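> Coordinates for the following, if possible.
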Amino acid sequence: MRKFLVSAAVAVLLGACSPPAQDTAETPAPPPTMIACNALSPNAARQVAVGEEVVAAAAASDLRGGSIAPGAYDLISATRVGSPTGWMGTRAVALDVGEATSGVVTFNWAGAAPGGESDRWTASFTDTPQPHMTFTCGRMGEVEVDFAAQGNGLQLRLPDGANGSLLLTFERRA
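Sure thing, here's the model as predicted:
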């Protein structure tokens, strides 16, 4: 009986010295923070799929610039030029063009996929000495662009990946 009591006492002492059991349930990581560069909302009913590249001569047509009218635009078509790497499936995209009294033109972009994934960015735009955008929110860097503006329409050819671009056609909202 004495051996039993000594054994029990040793077991209790060892148990008291052991570290507490670890909780193996991991706390889930918080979702990534999305930067709200603008409050623009795309028209979710206007989902546009990127079309395959049209005849090379038409896709590489000269976009001759023009005067871009301030206002909100909806994407009505998108075409691959070269080998762009992004944008799969469909997206609804709104582009808001603003012009400050100083003459600085700002593009605010808001895109949404049918599943709810969204992307937003803001960029300043200038066409001198050549057309280019400088991202100020949501993306980084500067890219050369081609554009054509006429009436209620706006076309932008934006780089997408190392070997391609997207030719995006927008229509001004009424």
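> any idea how far residue 38 is from residue 140?
Applying CB to CB, to the nearest Å, the value for residue 140 to residue 38 is 16 Å. (Each C-beta comes from the backbone N, C-alpha and C, glycine too.)
> Looking at these two, which is more packed in?
Applying other CB atoms under 10 Å to residue 140 and residue 38 shows that residue 38 carries more neighbours, namely 19 against 9.
> and the gap between that one and residue 126?
Computed as CB to CB, the residue 38 to residue 126 distance reads 19 Å.
> Check residue 46 too.
In terms of CB to CB, residue 46 sits 28 Å off from residue 126.
> What's the local residue count around residue 104?
Residue 104 sits with 11 neighbouring residues when counted by other CB under 10 Å.
> ok, now how distant is it from residue 125?
Residue 104 is 8 Å from residue 125, where distance means CB to CB.
> so the residue most central in space within the chain is in which element?
Nearest to the centroid of the C-alpha atoms of the chain, with distances taken as CA atoms, centre = their mean, sits residue 119, at 3.0 Å. Assigned by DSSP states H and E, residue 119 belongs to strand 118-126.
> roughly how far out does the helix or strand following that strand sit from the chain middle?
Note on strand 118-126: by DSSP H and E, the next helix or strand toward the C-terminus is strand 132-137. With CA atoms, centre = their mean, to the nearest Å as the basis, strand 132-137 stands 13 Å off its chain's centre.
> And stretch 79-98, by the same measure?
The answer for stretch 79-98 is 10 Å, by CA atoms, centre = their mean.
> how many neighbours does residue 98 have?
Here the number of neighbours of residue 98 (other CB under 10 Å) works out to 15.
> which residues does the nearest residue to it once chain neighbours are set aside contact?
Distances taken as CB to CB, 6 or more residues apart in numbering put residue 106 closest to residue 98, at 4.6 Å, once the chain neighbours are dropped. Contacts for residue 106 (CB atoms under 8 Å, 6 or more residues apart in numbering) come out as 97-100, 122-125.
> I'd like to know which helix or strand in this structure has the lowest mean pLDDT.
None of the helices or strands of the chain scores lower by mean pLDDT, DSSP states H and E than helix 56-59, at a mean of 46.
> the helices in the chain, which residues?
2-17, 56-59 (DSSP state H).
> Now do the residue nearest to residue 163 when sequence neighbours are not counted: how many residues are near it, please.
Closest residue to residue 163 apart from its sequence neighbours, by CB to CB, 6+ apart: residue 83 at 4.3 Å. Around residue 83 sit 12 other residues, with neighbours defined as other CB under 10 Å.
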